[in-house]
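S.K.: below is the sequence, then the predicted model.
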Amino acid sequence: MIKEVRDKDYLDRLKDLNLSTLEERWNGADLIQLLKIFKRFTTVHFESLFTLDCNNKVIRGHLAKLSKPGCQKDVRKYFFSHLWNALDGETVSSSSINVFKNR
């Protein structure tokens, strides 16, 4: 561990080292994986996990809004989709993973 931040708590260490929290890094990794699935960069079938939300009358951000059918609990229902649906259209339409990460 870096000696200067050894005695500080977690959030102060992150701030001093200019790092994001573990939860933010997990969410970023989840969004990158979702982009790979959505753009068919991987062998996972998109339709087996999510459906495009065609019932959304007010479209804000982008046209690729997701919904997770068959979920009984809100935790599973909004796990990926709330992060993905909050992105803007330019980010969702990225042509590559590196462009997506930069946006």
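M.R.: Nice, I can see it. Remember, it's a predicted structure, so these values are computed and weren't measured experimentally.
S.K.: what is the least confident helix or strand in this protein?
M.R.: helix 74-77 (a mean of 55; mean pLDDT, DSSP states H and E).
S.K.: and the next helix or strand after that helix, what does it pack against?
M.R.: Moving toward the C-terminus from helix 74-77, the next helix or strand (DSSP states H and E) is helix 81-85. Where contact means 3 or more Cβ pairs under 8 Å, 6 or more residues apart in numbering; DSSP states H and E, helix 81-85 is packed against helix 22-38, strand 66-67. Just so you know, the C-beta spots here come from the backbone N, C-alpha and C atoms, and that holds for glycine as well.
S.K.: most tightly packed of those?
M.R.: When those are scored by mean count of other Cβ atoms under 10 Å, the highest mean neighbour count falls to strand 66-67 (a mean of 18).
S.K.: any regions of the protein where pLDDT drops low?
M.R.: Counting by pLDDT under 70, the chain contains low-confidence ranges at 1, 45-50, 53-61, 67-81.
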